[in-house]
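[1] One predicted model, sequence on top.
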Amino acid sequence: MTTNPSNTGLADKMRRGAVLAAACPSRKILNHVTSRWGVLVLLALGRGTHRFAELRRAVGGVSEKMLAQTLQCLEADGFVKRIAYPVVPPHVEYSLTPLGEELSIRVEGLTDWIEENLPRIMESRPVSE
């Protein structure tokens, strides 16, 4: 007897709109993508391939540890490709996969919208004393 994914509940967990459900696997990926550094790394890599140090300079304020963790998550999700060249000193390059390129376009659209609407957004925020 073969197991049908719909019998295991996998189909329900994978269907569109399930992200609002606590057990939806999309939430973990959404967390990686929309994290403070995830968005910025996707934007930077959307502009081309970078070595680690170049990427760290491009994403101002990120620590080495956070950049490494962010890259590992995005690589595990299939958005970032890491190529290590067998040379001394080590030479590693990061770029977007085709899936990552699709995502980067959408993230760029969101950040463009935020920047275009920043004056309106800032007007809505309470004034600090």
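    Alright, I've got the coordinates.
[2] any idea of the mean pLDDT in the helix or strand hosting residue 75?
    Secondary-structure assignment from DSSP states H and E places residue 75 in helix 64-76. Here the mean pLDDT over helix 64-76 is 97, rounded to a whole number.
[3] Then stretch 45-52?
    What stretch 45-52 shows for mean pLDDT is 97.
[4] start to end distance for that stretch?
    Distance across stretch 45-52, first residue to last, is 11 Å (Cα to Cα, to the nearest Å).
[5] Looking at this structure, which helix is longest?
    Of all the elements of type helix in the chain, the one with the most residues (DSSP state H) is helix 98-116.
[6] residues in contact with the helix or strand that it is followed by?
    If you walk from helix 98-116 toward the C-terminus, the next helix or strand you reach (DSSP H and E) is helix 118-124. Helix 118-124 is contacted by residues residue 114 when judged by Cβ atoms under 8 Å, 6 or more residues apart in numbering. No exception for glycine: its C-beta is placed from N, CA and C like everyone else's.
[7] Convert the C-alpha atoms of helix 118-124 to CSV, please.
    Presented in CSV, the C-alpha positions along helix 118-124 are these (Å, rounded to 0.1, in the frame of the first residue of the first chain):
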residue,chain,number,x,y,z
LEU,A,118,9.2,56.6,3.7
PRO,A,119,7.9,60.2,4.3
ARG,A,120,4.3,58.9,4.8
ILE,A,121,5.5,56.1,7.0
MET,A,122,7.6,58.5,9.1
GLU,A,123,4.6,60.9,9.5
SER,A,124,2.6,58.0,11.0
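[8] average model confidence for it?
    For helix 118-124, the mean confidence score works out to 92.
[9] Could I get the pLDDT score of residue 34?
    Checking the pLDDT column for residue 34, the value is 89.
[10] what's the spacing between the longest helix of the chain and its chain's center?
    The chain centroid and the centroid of helix 98-116 are separated by 10 Å under Cα atoms, centre = their mean, to the nearest Å.
[11] helix or strand for the most centrally placed residue in the chain, which one?
    Among the residues of the chain, residue 33 comes closest to the average C-alpha position under Cα atoms, centre = their mean, at 2.9 Å. Here residue 33, judged by DSSP H and E, is contained in helix 26-34.
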